[in-house]
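>>> What follows is a predicted protein model with its sequence.
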Amino acid sequence: MSRPRADMSGVPDDLCPVATVPSPMLAGDWRAMRPVVARERCVKCAICWLYCPVQCVVEKAAWFDIDLAACKGCGICAQECPHRAIRMLEEADA
């Protein structure tokens with residue numbers, strides 16, 4: 001996936017010759033584990049939403065889901081879910 005280049009017009013040319021083009025990195029670019037929600041088990045208790053440290057849990061009509069672009073893969077949501085509706089999978093397997 002190609003990301004748009006950052007606007008470099010305000011950055012002096014001699015600021016940093018080694019890293020002159022910033023590369024925005026999302027948490028999903030380096031995460032090792034990802035949460036997967038079992039929709040049939042989710043009862044919308046919002047415990048995952050409450051405990052998520054980066055607030056990447058989003059509400060859907062009948063369940064909660066995860067914004068994978070923001071998720072760091074910490075697994076707190078899966079650990080705290082009382083209904084075991086969230087499980088962590090290795091990023092390569094998901």
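Okay, I see it.
>>> going forward, measure contacts between C-alpha atoms and count neighbours the same way
Fine.
>>> Assign a three-state SS to the nearest residue to A62 once chain neighbours are set aside, would you?
Nearest non-adjacent residue to A62, counting by CA to CA, 6 or more residues apart in numbering: K44, 7.0 Å away. Using DSSP: H, G, I helix; E, B strand; the rest coil, the three-state assignment for K44 comes out as coil.
>>> Surely K44 touches W63?
Yes - with contacts counted by CA atoms under 8 Å, K44 reaches W63, the gap being 5.3 Å.
>>> residue contacts, the most centrally placed residue in the chain?
The centroid of the chain falls nearest to C71 when counting by CA atoms, centre = their mean (1.6 Å). Taking CA atoms under 8 Å, 6 or more residues apart in numbering, we find C71 in contact with 27-28, 31, 34, 54, 56.
>>> Return the entry from these with the maximum number of neighbours.
R34 (24 neighbours; other CA atoms under 10 Å).
>>> That one pairs with what?
Listed by DSSP bridges, the beta-bridge partners for R34 are L89.
>>> measure it to G10 for me?
Using CA to CA, to the nearest Å, we find R34 at a distance of 37 Å from G10.
>>> Same check on G28?
Counting by CA to CA, the gap from G28 to G10 is 28 Å.
>>> Would you map the helices across this structure?
Along the chain, the segments classed as helices by DSSP state H run 47-51, 76-80.
>>> other SSEs contacting the first one?
Yep, that's helix 47-51 we're talking about. Packed against helix 47-51 by the contact rule (3 or more CA pairs under 8 Å, 6 or more residues apart in numbering; DSSP states H and E) you find strand 57-59, helix 76-80.
>>> Repeat the analysis, applying 6 Å as the threshold.
Using 3 or more CA pairs under 6 Å, 6 or more residues apart in numbering; DSSP states H and E, no helix or strand is in contact with helix 47-51.
>>> Please spell out the segments of this protein that come in under the pLDDT threshold.
Scanning the chain for pLDDT under 70 picks out 1-6, 8, 11-23, 93-94.
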